[in-house]
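>>> Would you be able to build a 3D model of this:
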Amino acid sequence: MNYAANSTRRVDMVVGVSYEDDLKKAKQVIEEVVSSDDRILKDPAPTVAVSELADSSVNFVVRPRTRAVDYWDVHFDVTQKVKIALDKNGITIPYPQRDVHIKNATAQGVKGA
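Numbers count the residues shown, from 1 in each chain. So this is what the prediction gives:
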């Protein structure tokens, strides 16, 4: 697709928050960041919605539209501003993690362990 042919573009971002955090508050914080950027078009309205219940996070898709010439600046700036705003509001962006359960072999009756 020739993106240069269009005067506007949709910026596609994914923001993951912790399962323990308040999703309504997280969505509100993200929406406030998006709506405060003058480069983001009001029509069509930006999308901020839960898109996935992932392994380590609840993922929001964030899809504002902007002028094509502002695409990368909006992408980078909004990503940074969302991170800062979530931090200020005590909302965690988790990193992938695994729980490892180690069983004591001698407690299981295994000889020679």
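
>>> Check which residues of stretch 51-60 are buried.
By neighbour count with 16 or more other Cβ atoms under 10 Å, stretch 51-60 contains the buried residues Ser57, Val58, Asn59, Phe60. (C-beta placed from N, C-alpha, C; glycine too.)

>>> Mind checking which of those residues are in helices?
Secondary structure from DSSP state H places none of these in helices.

>>> quick one, what contacts the most centrally placed residue in the chain?
Nearest to the centroid of the C-alpha atoms of the chain, with distances taken as Cα atoms, centre = their mean, sits Val15, at 0.2 Å. Taking Cβ atoms under 8 Å, 6 or more residues apart in numbering as the criterion, Val15 is in contact with Ile30, Asn59, Phe60, Val62, Val82, Leu86, Ile93.

>>> is it true that Glu52 touches Val17?
No. With contact defined as Cβ atoms under 8 Å, Glu52 does not reach Val17; the gap is 11.4 Å.

>>> mind putting the buried residues of stretch 51-60 in a markdown table, distance to Thr47 included?
Shown next, in a markdown table, are the buried residues of stretch 51-60 (distance: Cβ to Cβ, whole Å):
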| residue | distance to Thr47 |
| --- | --- |
| Ser57 | 18 |
| Val58 | 16 |
| Asn59 | 13 |
| Phe60 | 9 |
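
>>> Make TSV from those and add pLDDT to it.
Below are those laid out as TSV (pLDDT from 0 to 100):
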residue	pLDDT
Ser57	94
Val58	97
Asn59	97
Phe60	98
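
>>> Helices of this protein, start to end?
Here the chain has its helices, by DSSP H, at 23-35, 71-88.

>>> The last one: which residues count as buried?
When burial is assessed from 16+ other Cβ under 10 Å, helix 71-88 yields the following buried residues: Tyr71, Val74, His75, Val78, Lys81, Val82, Ala85, Leu86.

>>> need the contact list for the nearest residue to Glu31 once chain neighbours are set aside.
Counting by Cβ to Cβ, 6 or more residues apart in numbering, Glu31 lies nearest to Val48, which is 5.1 Å off, once chain neighbours are set aside. Neighbour list for Val48: Lys27, Ile30, Glu31, Val34, Phe60, Val61, Val62, Arg63 [criterion: Cβ under 8 Å, 6+ apart].
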